[in-house]
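Participant: Provide a 3D model corresponding to the input given below.
(2 chains)
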There are 2 protein chains.
Amino acid sequence: MAPTLVANGGDISAAKPAVTGRIATVYSEVQNSRLDHALPLPAVIKNSFSVIEGPASSAAGNPDEIAKLFPCLFGQPSAVLVPGDGKGLLSGQNLKIGVVLSGGQAPGGHNVISGIYDYLQDRCKGSTLYGFNGGPAGIMKCKYVTLTSEYIYPYRNQGGFDMICSGRDKIESPEQFKQAQETAKKLDLDGLVVIGGDDSNTNACLLAENFRSNNLKTRVIGCPKTIDGDLKCKEVPTSFGFDTACKIYAEMIGNVMTDARSTGKYYHFVRLMGRAASHITLECALQTHPNITLVGEEVASKKETLKNVTDYIADVVCKRGELGYNYGVILVPEGLIDFIPEVQHLIAELNEILASDVVDEGGLWKKKLAPQTLELFELLPPAIQDQLMLERDPHGNVQVAKIETEKMLIQMVETELEQRKQAGLYKGQFKGQSHFFGYEGRCGLPSNFDATYCYALGYGAGALLHSGKTGLISSVGNLAAPVEEWTVGGTALTSLMDVERRHGKFKPVIKKAMVELDGAPFKKFASLREEWARTNCYISPGPIQFVGQGSDKVNHTLLLELGVEI
Amino acid sequence: MAPTLVANGGDISAAKPAVTGRIATVYSEVQNSRLDHALPLPAVIKNSFSVIEGPASSAAGNPDEIAKLFPCLFGQPSAVLVPGDGKGLLSGQNLKIGVVLSGGQAPGGHNVISGIYDYLQDRCKGSTLYGFNGGPAGIMKCKYVTLTSEYIYPYRNQGGFDMICSGRDKIESPEQFKQAQETAKKLDLDGLVVIGGDDSNTNACLLAENFRSNNLKTRVIGCPKTIDGDLKCKEVPTSFGFDTACKIYAEMIGNVMTDARSTGKYYHFVRLMGRAASHITLECALQTHPNITLVGEEVASKKETLKNVTDYIADVVCKRGELGYNYGVILVPEGLIDFIPEVQHLIAELNEILASDVVDEGGLWKKKLAPQTLELFELLPPAIQDQLMLERDPHGNVQVAKIETEKMLIQMVETELEQRKQAGLYKGQFKGQSHFFGYEGRCGLPSNFDATYCYALGYGAGALLHSGKTGLISSVGNLAAPVEEWTVGGTALTSLMDVERRHGKFKPVIKKAMVELDGAPFKKFASLREEWARTNCYISPGPIQFVGQGSDKVNHTLLLELGVEI
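Facilitator: Have a look, this model is predicted:
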């Protein structure tokens, strides 16, 4: 790299090992400034501690089935770190630990790894940390790298998962479990930390059970990762990455709001990542106060049709038109149409028909749709009809995530308003502008909250393995308090589980945490949305700051769920 | 607003006057922290100064025609502020000044207004500043607000143009000039500051000429605004807003790069705002080091076809595939297809045909296209063909800005790679992911550079009016030095002008500054792009910081143009 480039940042190539082209040799000033950012630790883990056990646990649902699926692990108590003299810790042992990143990126993953590494350095000098490359496939193929201080340093407080990369493979078949066992034996692993979402943590627990039942010494600890925010429970108050991703999206939304108000002539329809649950959309709404926010869980609970949703938007646009506002900002969760029953029916019928039949240009194939479904199909804008027909996955199924819901809504609202205009019910101007914010948020530099939270999760995971635990998810709590007072421990993964019936068998699942309509974040939103619809109470959160005012803010969802009035 | 919301920021409603619903009553912490951010001023304007004149000026081209068009103003010298005892300043006078925002938003507009206001407060106590509402239409209709300290305060260092809003109307016809004169007389205006881009500054000069030739005392000063970065010259080194907008886009690009590298399976095609010139794309490339960057001016100068561009991208994808990289990031300027001659021909022919003819479903209309044009049309993906046919402005012309160039390129590259694969020339995997970054950047909180630069531009504009100048554009220079050492003055707007022949008449225009292929920014980029294509030297600039490391960085384009090696 030419030295002339270095002025853009500092050349840290000296500190970075050469990993086949995956590592930038030049950092921006902000990236550089984050490298040496000191992370506070909860007091309990900074000092000498003991690990104690809570009461026995059960399951989120169907405990009998979960007990059958996890005979070794079911019922395990939670683990809590308390000030003490090291009771519960394995003594005189150098540990060999592996770590793996599983699934989509979330800001903070690198800090979890740093936390594990630093725990081992601080408390089990002489231990080894292996990073499996490319997700669970790295475990199965025994592809790994030995992590050192020099290796880890350039990734401290940095976004992305590129230190060891991630993957979406699953350890599922008996053969795959066998491969994992072989790797565990080959590396003489004492423990494995799986950093992932609901699916990955379910698999982590299956792996823990498998290792235990096969008398392997390798213990498995999970860590809660997903920007979607849908992996959480009482003991695991939030998944990492949610805070940063929402702040990045909220910055963009705030800018678009200022633009809308300055220009006065566009309705911005912003689709936000998060297909299964609408936490991101709700959090961004709480941060920015848009005129309309669609929450999938509410749409589903009210059994709304696409026409209902369109009418709701059109009603607000009309009302605002009367007040003289021909502009606005509307937030739409990526998974909206997954929550609309009639759209689900349409997609199911389409999957059925298109898998077996040829689609004729004349449209005769449409006769195979149920009458109501056909009516809905004909209601859709042609571009969306095309997406439904053309964007199919290798199994021939409609790819819902590729459907540009925001553009669909713009066209449907346009049509509705045109009709109202002709009926003399609407006099304003409507111009829609579509946006999708997704990839921009998954790999940003972690916010101070995520950086600190992840480091504590990793450090805590180290302590759990050091105390011989398995099948737990690293749990850091009391997050509304100063970091000093955060709690550290682990929660039985089986206690988060329920079963689902798949192919005639019970499968364990960690149920996704959906937006609860009687939860504090939604209720707060619901109490204010009418005002937000009528007036323009936009808030512009601005770019994430790492020092100074606003830099230690925590997302609203978490605070409200913890009972903090904001 | 419920007081419970205030924890999200500070309630500054007390400081904010009630302006029909356009003002948020609650600010985020970061917005709040910016309100009282102290702005440094260049030393020359902080202390007592005199205004001296430079040599007489000419025009950027066709000086004889410009002289005819601006008989009062042509040849004016530039004005320079130097330390002194007030020589050149009008004395004993309270000024009545108007200010107007013209055209699209750019971060920093509010600070220009604050600068003018503070100048008047500091140096011409008792003066009045009027803000015309909604752009030039506000001048013509005499719609204005009297700006006070309380009115301005909530907008200090904030993004957007919502203090007085902007508009795209032009003062062009004799009737419109008459209306402007009436407003100037009614308000007894001593001066008017026009904050706008190339067109708006041309109009500002026409207005200055009109007022002067009609013996009105109202003087007119322009200010260089546009995120596109295409209004600049030796004396006006950059237009405001470019710095902030590019930093916002570069933050997003850097995040997408980290995502690409972590996932290892997508080519991200990022279209960036900026239709006429590719400055934004080039600057973002210098900040982030993408694998491929298309610069419209280069494509035009090489007379490239769409096939050439497609092949270039496919070549890099193939080369990277051989190196084991099936991912990458590609920057595309919004106006790319405006730079491809054959696409211009296609659009011209389509405009011609579609204006008069009915388009038959059978496609007979296509026979009216020239053979080469038809060949190009058939080469385009169907979705783009549709956009060309359907997205038309009220005059029936193709709306080039609405064409999703990034999606078009993805599909064309996909087709090309498929052919190479079949010929055994490509073995990799190609998955494209499209992005458009535009509206997010126009209204962000201004960077420290833009905040300071704009304040100096406004403060300087105040000084120019105070010294009786007209037809100048506020010029702040020596920007690579500390703010203390920046120069302040004004440049004759006529010296920036050339003429264009329109409807048989000469029209004055400030020529857009295009990316110069022998300029330092492009040469720097060109010297590095091969390395960027092959390797992954991505840089992630991270979110704009307002304090601490990286907060006072200036964009690369400006520094390179000022001869600073970076």
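
Participant: What lies in contact with the lowest-mean-pLDDT helix or strand in chain A?
Facilitator: Least confident helix or strand of chain A, by mean pLDDT, DSSP states H and E, is helix A:382-390 with a mean of 82. Applying C-beta atoms under 8 Å, 6 or more residues apart in numbering or on different chains, the set of residues contacting helix A:382-390 from outside is A:346-347, A:350, A:354, A:359, A:377, A:380, A:398, A:402-404, A:407-408, A:411. In this view, the C-beta of every residue, glycine as well, is placed from N, C-alpha and C.

Participant: Turn those into a markdown table, including distance to chain B.
Facilitator: As requested, the contacts of helix A:382-390 are exported to a markdown table (distance: C-beta to the nearest C-beta, whole Å):
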| residue | distance to chain B |
| --- | --- |
| A:Leu346 | 22 |
| A:Ile347 | 21 |
| A:Leu350 | 20 |
| A:Leu354 | 19 |
| A:Val359 | 16 |
| A:Phe377 | 19 |
| A:Leu380 | 16 |
| A:Val398 | 18 |
| A:Lys402 | 11 |
| A:Ile403 | 14 |
| A:Glu404 | 11 |
| A:Lys407 | 11 |
| A:Met408 | 15 |
| A:Gln411 | 12 |
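
Participant: Would you verify that A:Phe436 is located in a strand?
Facilitator: Yes: counting by DSSP: H, G, I helix; E, B strand; the rest coil, A:Phe436 falls inside a strand.

Participant: before we move on, back to that, next, format the contacts of helix A:382-390 as TSV and append neighbour count.
Facilitator: Listed next are the contacts of helix A:382-390 as TSV, based on neighbours: other C-beta atoms under 10 Å in any protein chain shown:
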residue	neighbour count
A:Leu346	24
A:Ile347	19
A:Leu350	23
A:Leu354	17
A:Val359	13
A:Phe377	17
A:Leu380	19
A:Val398	22
A:Lys402	12
A:Ile403	22
A:Glu404	17
A:Lys407	18
A:Met408	25
A:Gln411	17
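
Participant: where's the dip in pLDDT among those?
Facilitator: Across those, the member with the lowest pLDDT is A:Val359, scoring 74.

Participant: What sits closest to it if chain neighbours are left out?
Facilitator: A:Trp365 (5.0 Å; C-beta to C-beta, 6 or more residues apart in numbering or on different chains).

Participant: tally of neighbours for the one you found?
Facilitator: Residues contacting A:Trp365 under the criterion other C-beta atoms under 10 Å in any protein chain shown number 16.

Participant: pretty sure it contacts A:Leu350?
Facilitator: No: with contact defined as C-beta atoms under 8 Å, A:Trp365 does not count as touching A:Leu350 (9.8 Å).

Participant: what distance separates the longest helix along chain A from the middle of the whole chain?
Facilitator: Once chain A is assigned using DSSP state H, the helix that runs over the most residues is helix A:242-263. The chain centre lies 19 Å from the centre of helix A:242-263; the measure is C-alpha atoms, centre = their mean, to the nearest Å.

Participant: now it: mean pLDDT?
Facilitator: Here the average pLDDT along helix A:242-263 is 97.

Participant: can you list contacts of the very next helix or strand once past that helix?
Facilitator: Under the assignment DSSP states H and E, the closest C-terminal helix or strand after helix A:242-263 is strand A:267-272. The contact list for strand A:267-272 (C-beta under 8 Å, 6+ apart) reads A:249, A:252-253, A:256-257, A:259-260, A:280-281, A:284, A:290, A:317, A:327-334, A:404-407, A:409-410, A:413, A:430-438, B:439.

Participant: Helices along the stretch 251-400 of chain A, start to end?
Facilitator: With helices called from DSSP state H, counting those that start in this stretch, the stretch 251-400 of chain A shows them at A:279-288, A:296-301, A:306-322, A:341-356, A:371-379, A:382-390.

Participant: Work out the gap between the shortest one and the centre of the chain.
Facilitator: From the chain centre to the centre of helix A:296-301 is a distance of 19 Å (C-alpha atoms, centre = their mean).

Participant: Over to the fourth one?
Facilitator: Distance of helix A:341-356 from the chain centroid (C-alpha atoms, centre = their mean) equals 28 Å.

Participant: Could you give me the buried positions within it?
Facilitator: For helix A:341-356, the neighbour count (16 or more other C-beta atoms under 10 Å in any protein chain shown) marks A:Glu342, A:Val343, A:Leu346, A:Ile347, A:Glu349, A:Leu350, A:Leu354 as buried.

Participant: again with stretch A:212-223
Facilitator: For stretch A:212-223, by 16+ other C-beta under 10 Å, it's A:Arg212, A:Leu216, A:Thr218, A:Arg219, A:Val220, A:Ile221, A:Gly222, A:Cys223.

Participant: Give me the subset of the residues you listed that lies in helices.
Facilitator: A:Arg212.

Participant: Mind listing residues that contact stretch A:289-296?
Facilitator: A:253, A:257, A:270, A:277-278, A:281-282, A:284-285, A:309, A:312-313, A:316, A:320, A:328-333, A:335-336, A:338-339, A:515, A:522, A:525, A:528-529, A:532-533, A:536-539, B:24, B:26.

Participant: Do me a favour and get the backbone dihedrals for A:Glu209.
Facilitator: phi -60, psi -40 (degrees, to the nearest 10).

Participant: Isn't it up against A:Gln76?
Facilitator: No: counting by C-beta under 8 Å, A:Glu209 stays clear of A:Gln76, with 10.8 Å between them.

Participant: Now for these two: what residues contact both?
Facilitator: Joint contacts of A:Glu209 and A:Gln76 (C-beta under 8 Å, 6+ apart) are A:Gly471.

Participant: At the contact with chain B, which residues of the stretch 101-250 of chain A appear?
Facilitator: With C-beta under 8 Å from any C-beta of the partner chain as the criterion, the stretch 101-250 of chain A comes near chain B at residues A:Gln105, A:Gly134, A:Gln158, A:Gly159, A:Gly160, A:Phe161, A:Asp162, A:Cys165, A:Ser166, A:Ile248.
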